[in-house]
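**Student:** predicted coordinates and the sequence they were generated for:
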Amino acid sequence: MLPHSENKYIEALLNNNEPVIEEIYTKFSHIVTSYVRQNNGTETEAKDLFQDTLLDLYHMGQKGFTLTCPFKPYFLAMCRYKWLDQIKDNKKRFNKETAAFEVTKSDDNGLGYIKEEIENHVGKEKQFTLYREHFSKLSPTCKDIIGLSLVENSETGKTNTLKEIAEMLDLNYSYVRREKNNCLNKLIAAIKQDPRY
């Protein structure tokens, strides 16, 4: 599959092209900040999330990743998944910290707890890697529809409706509704068939 014209953003990260990297910040940082703040985060956390996601893309580019769909839905979907993982991690951390004293009093001096933490982290990394790999293999239309359905509309402050997605992509509403289900089913099936799942 041929690279999308917006693969220029991946190339800019790899080549430290400051004007194009600045363009990424100008176009997308406010959307990420808005999403994080509306989901119990701070501006600092939003900036960290933005930076971390760019770093992920940089590392992906180093490994040969090529963007075959528009940058915005792909990048914002990555940010959203990373933020959701962070929220879950924060909640788990709080629950585990409140029970830390009991853990250290356990028979194995907390070694079981440490092992569980490592296994959870590895599991999440694998899940995100699988999602990212199989998402990148979908058709450009599937990537656009799924990507746009995960990101927040900057005007409404909510995730895009199927009607809004149809208008953005200049497609028929019925087609978008049917195709979203087909694309999600393909993505889920591909992930489940992967031996690493």
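**Tutor:** Ah, there it is.

**Student:** could you list the buried residues of the strand or helix carrying residue 188?
**Tutor:** Assigned by DSSP states H and E, residue 188 belongs to helix 173-193. Residues 176, 179, 180, 183, 186, 187, 190, 191 are the ones in helix 173-193 that count as buried (16 or more other CB atoms under 10 Å). Where C-beta positions appear, they are placed from N, C-alpha and C, glycine not excepted.

**Student:** show me what that helix is packed against.
**Tutor:** helix 111-136, helix 140-150, helix 162-169 (3 or more CB pairs under 8 Å, 6 or more residues apart in numbering; DSSP states H and E).

**Student:** which helix or strand in the protein has the lowest average pLDDT?
**Tutor:** helix 100-104 (a mean of 43; mean pLDDT, DSSP states H and E).

**Student:** now do the same for residue 50: its pLDDT.
**Tutor:** Note for residue 50: predicted pLDDT of 95.

**Student:** residue 122 now?
**Tutor:** For residue 122, the pLDDT comes out at 47.

**Student:** which stretch of helix or strand covers the residue nearest the centre of the chain?
**Tutor:** Computing the C-alpha centroid of the chain and ranking residues by CA atoms, centre = their mean puts residue 78 first, at 1.7 Å. Using DSSP H and E, residue 78 sits in helix 71-98.
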